[in-house]
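Enquirer: Could you work out the structure for the sequence below:
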Amino acid sequence: MAERAAAVGPVLRAGALTDVLVAALREVNADLSVIDRGGYLRVSAPGRLLLRRADCVATLGDAFELPAALHQAMTGYAGRLSLTDHEALWSED
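Expert: Here you go, the predicted structure:
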């Protein structure tokens, strides 16, 4: 029996910036799950979750700086996080 992949991804403060992040995450993550907890959103996918700066720029229609903008919205995360100026990747430990 195959093991199920662990859920990975960020916990984001609710707000306009998070709306942009979630829209961009939906562009490339088919198994995305978003649980709204009022003041924050738990965003996850099994095994791997990718956020691309280019998708954020396209969604926002303006400049978007990674990792600075992500740090403003993110209060925590599950999994291993790898950050560059172009993408954020959450993966299993």
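Enquirer: Next, the buried residues of stretch 26-41.
Expert: Residues of stretch 26-41 classed as buried: 29, 32, 40-41 (neighbour count, 16 or more other CB atoms under 10 Å). All C-beta spots, glycine's among them, are computed from the backbone N, C-alpha and C.
Enquirer: and of the residues you listed, the nearest to Arg52?
Expert: Set against Arg52, the nearest of the buried residues of stretch 26-41 by CB to CB is Asn29 (10.2 Å).
Enquirer: Who does the nearest residue to that closest one once chain neighbours are set aside form a beta bridge with?
Expert: If the residues on either side of it in the chain are set aside, Asn29 comes closest to Ala45, at 5.0 Å by CB to CB, 6 or more residues apart in numbering. Judged by DSSP bridges, the bridge partners of Ala45 are Val8.
Enquirer: List the buried residues for the one helix or strand in the chain whose mean pLDDT sits lowest?
Expert: Using mean pLDDT, DSSP states H and E, the weakest-scoring helix or strand in the chain turns out to be helix 53-60, at a mean of 93. Buried residues in helix 53-60, counted by 16+ other CB under 10 Å: 53, 55-57, 59-60.
Enquirer: by contact count, what packs against the helix or strand just after that helix?
Expert: Downstream of helix 53-60, the next assigned helix or strand under DSSP states H and E is helix 68-73. Counting contacts by 3 or more CB pairs under 8 Å, 6 or more residues apart in numbering; DSSP states H and E, helix 68-73 is packed against strand 7-13, helix 16-28.
Enquirer: one step back: for the least confident helix or strand of the chain, name the packing helices and strands.
Expert: helix 16-28.
Enquirer: pLDDT below threshold where in the protein?
Expert: Residues of the chain meeting the criterion pLDDT under 70: 1-2.
Enquirer: What's the separation between the residue nearest to Glu92 when sequence neighbours are not counted and Arg48?
Expert: Of all residues beyond its chain neighbours, the one nearest Glu92 is Ala6 (5.0 Å), with distances taken as CB to CB, 6+ apart. The span separating Ala6 from Arg48 equals 10 Å under the rule CB to CB, to the nearest Å.
Enquirer: Overlap in contacts, the two.
Expert: Residues touching both Ala6 and Arg48 (CB atoms under 8 Å, 6 or more residues apart in numbering): Glu92.
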